[in-house]
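In: I need the structure of the sequence given here:
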Amino acid sequence: MRPLSPFYIVVFFILLALSIFFFHLPETGAIWITISFFTVLVFLHPLNGISFLLLTIPFFLGNPSKPYIFLQEIFLYGTGISLTIRRPWRRQEITFPLKIPLALFLLSACLSLPLNLRELLYTLWALPSREIFYQWLSGNPGLAIHSLRVLFNLLSAAALSLVFYKTLSDEVEPFLTRVIRAQAVWTALIAVTGFLLLWGYLPRGRTYASLSLVGIHEGAITAFAFNRQFLAQYLLLCLPLTIYLGLRQMSERKVAWLLAVVASILVSVFALAASMQRSVYIVLALQLGYLAVAYGRLLHVRKKILLLFYGSPLLIAAGLFLMDWTFFNQNFLQRLQLLGQIRDIRPALWGTAWAMFSFSPWLGIGLGRYYYFFPEFFPGLPGTWQQFNANRGNAHSVYVQLLAEQGIFGLLLFGILIGALLTLAGKGLARETQPDRKSLLLAVTASVTTWLVLGLFHHIAYDLRSLEIFFWIFFACLLILTRGLSPSFRPGRKILIGVLVLLAAAGGYQIKLIRDYPLGKNFQAGFYPWEKEPDGSRWRWMGRRAVACLETQPGTLLIECRAPLPEIEKKPQQVQMLVNNRVYRFSLGNRDWARIRIPSPEPRPPTVVLRLTTDYTINPAQAGGSRDQRDLGLQLREFQWEAP
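Out: Residues are numbered from 1 along each chain as shown. This is a model prediction of the structure:
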């Protein structure tokens, strides 16, 4: 059975949107309908999942902490599993041409262990599996578990690319053309909806599922994105593919489709203009120049079409000013006048990244740890880093953050992987003889190159999981289109062994840095939020296990705890405390506060690591009569040091 037409997906979401708008379909209902539809699609054919992932990108233009962004994980893993299980059997297995550079890059990512690895291990030890999963899903960069989330994101997207490559064979051109045709229509509809929200013709709101309904950010269009630059990045990535479709419809003399594609291009360009993003204008100019030169040299496009390409910047500029004067109250012109006065935050972010690289040059400070370590490595005066608190989520550059988090090995191996990919693409363009296939290969190359150029100014893979997936899908498409035209990238055996030895040495050095790196002074895991007594004192619950790092002071450590559990008199709570590898055990058989005193270790270290373990926990919700879903084992007051 062949994959369904992607227009079924477009029609489905149009009908769903109308149901939501006119009948006020609740979020949960829309989500379950969408998941059910996706399940049917991948059951019919696994490639339908790829179409679904690409066409739903406009619904996931927000960072992982936004509501319901996690739904994309369901779609990605569902597609990947379906591709793996239902991959067609072939007498001769297809070889992935970049398996060695890809494997080396992924290995370097796995070896880029976070400097605070001990905090991650303590967190995994202390938290129940349910809480670990929710923290992983939240995408909060301040949590220790975030390193694993970033690693899972990279590995799952690369794995999807691999199984997609091995599934799709020679039918790549018709499949991609169908997806691009639906994407061109869908992109135009999204942009038009964005303009209707921007101008107030559609009612604005807050959010609906994973969609932002604010419709405007700093006076610019956002459609369903949570940031103006997110929508612009998506439109820029789609533009080369839409231009390919227009040229194909022109060669096939399909006038109706050609007019529709031209309309889609115009709407996309106007939406890019309305994003009022500096980097967008730079990348758009580079993109059009690249396409004009490439189509002229490789495909021998007619001179009239090339003149249209070369003259498009002037036509676009004129259209922008006219549109700005007519619809935007000169906001675009005013923003251009203010560009020189806008302070660029990148020098400070990149300077901090350089400090991180200088501290751990080989494998970096660890995947996903830029946000966490930013205050410590910020090169300015203490406390001045807080002015960048809203922007320190990433380094605003794929390559700078790679250098900071994965070191020179991560950046170098990523560069080798991309260099090999673009080399294969160049050889494929030089050797391909079919005009339509060459045009498609050029468009996919332009789209991937656009992603890489955008990575100079933004970390689009870190901000947007959806665009990370976009990159790896078209990474595979590029390799499929060059299959049989270019040889596999195979480094020599001695070179490969040398790289593996260097990576092993770098991994050993990373472990040394981790061992010497101190735990955070306020690091704690396994405790629930503080609660207040009527007298103003505070206490909090812990579950089965908890850990805390305390600054050592002279005297004794006072720990006040109790276990007000049902039937505690019949079943006493057994507690074990491990203080810098010294074991203390005691039993709590009533609801009174117990005072445990532990002498300060000698010689006195800078910090004390306190690990607590209880014999059992209760869950009030499971016991009945409560909505409290926590696993409760022990109550504790604030830790205190008593002077000698």
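In: could you pull up the mean pLDDT of the helix or strand hosting Thr187?
Out: If you go by DSSP states H and E, Thr187 is part of helix 172-198. Model confidence over helix 172-198 averages 94 on the pLDDT scale.
In: what residues sit buried inside that helix?
Out: Going by neighbour count (16 or more other CB atoms under 10 Å), the buried part of helix 172-198 is 172-173, 175-195, 197-198. In short, each C-beta sits where N, CA and C put it, glycine included.
In: can you check stretch 378-386 too?
Out: If you call a residue buried by 16+ other CB under 10 Å, then stretch 378-386 has these buried ones: 378, 385.
In: return that stretch as PDB; C-alpha atoms alone will do.
Out: Listed next in PDB are the C-alpha coordinates belonging to stretch 378-386 (Å, rounded to 0.1, in the frame of the first residue of the first chain):
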ATOM      1  CA  PHE A 378      29.800  34.700  32.900                       C
ATOM      2  CA  PRO A 379      32.900  36.900  32.400                       C
ATOM      3  CA  GLY A 380      31.400  40.000  34.000                       C
ATOM      4  CA  LEU A 381      31.200  41.200  37.600                       C
ATOM      5  CA  PRO A 382      29.400  38.900  40.000                       C
ATOM      6  CA  GLY A 383      25.600  39.300  39.700                       C
ATOM      7  CA  THR A 384      25.700  41.200  36.400                       C
ATOM      8  CA  TRP A 385      24.800  37.900  34.600                       C
ATOM      9  CA  GLN A 386      21.200  38.500  35.800                       C
END
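In: quick one: average pLDDT of that stretch?
Out: Confidence over stretch 378-386, taken as the mean pLDDT, stands at 84.
In: one more: stretch 446-459?
Out: Rounded mean pLDDT across stretch 446-459 is 91.
In: and Tyr201, backbone torsions?
Out: Backbone geometry at Tyr201, expressed as degrees, to the nearest 10, gives phi -80, psi -20.
In: what about the residue nearest to Ser360 when sequence neighbours are not counted, which SS state?
Out: Excluding its sequence neighbours, the residue lying closest to Ser360 (CB to CB, 6 or more residues apart in numbering) is Leu513, at 5.7 Å. Applying DSSP: H, G, I helix; E, B strand; the rest coil to Leu513 yields a three-state assignment of helix.
In: surely Leu513 and Trp362 touch.
Out: No: between Leu513 and Trp362 there is no contact, the gap being 9.3 Å when judged by CB atoms under 8 Å.
In: my guess is Ile74 contacts Trp32, does it?
Out: No: between Ile74 and Trp32 there is no contact under CB under 8 Å: 11.4 Å.
In: more neighbours, the two?
Out: Regarding Ile74 and Trp32, a neighbour count based on other CB atoms under 10 Å identifies Ile74 as having more, with 14 against 11.
In: who's in contact with Gln72?
Out: Gln72 makes contact with 53, 56, 60, 210, 465-466, 469 under the criterion CB atoms under 8 Å, 6 or more residues apart in numbering.
In: check Ile85 too.
Out: Neighbours of Ile85 in contact, by CB under 8 Å, 6+ apart: Pro46.
In: that one and Thr167, how far apart?
Out: 11 Å (CB to CB, to the nearest Å).
In: which residues are common contacts for these two?
Out: Between them, Ile85 and Thr167 share the contacting residues Pro46, judged by CB under 8 Å, 6+ apart.
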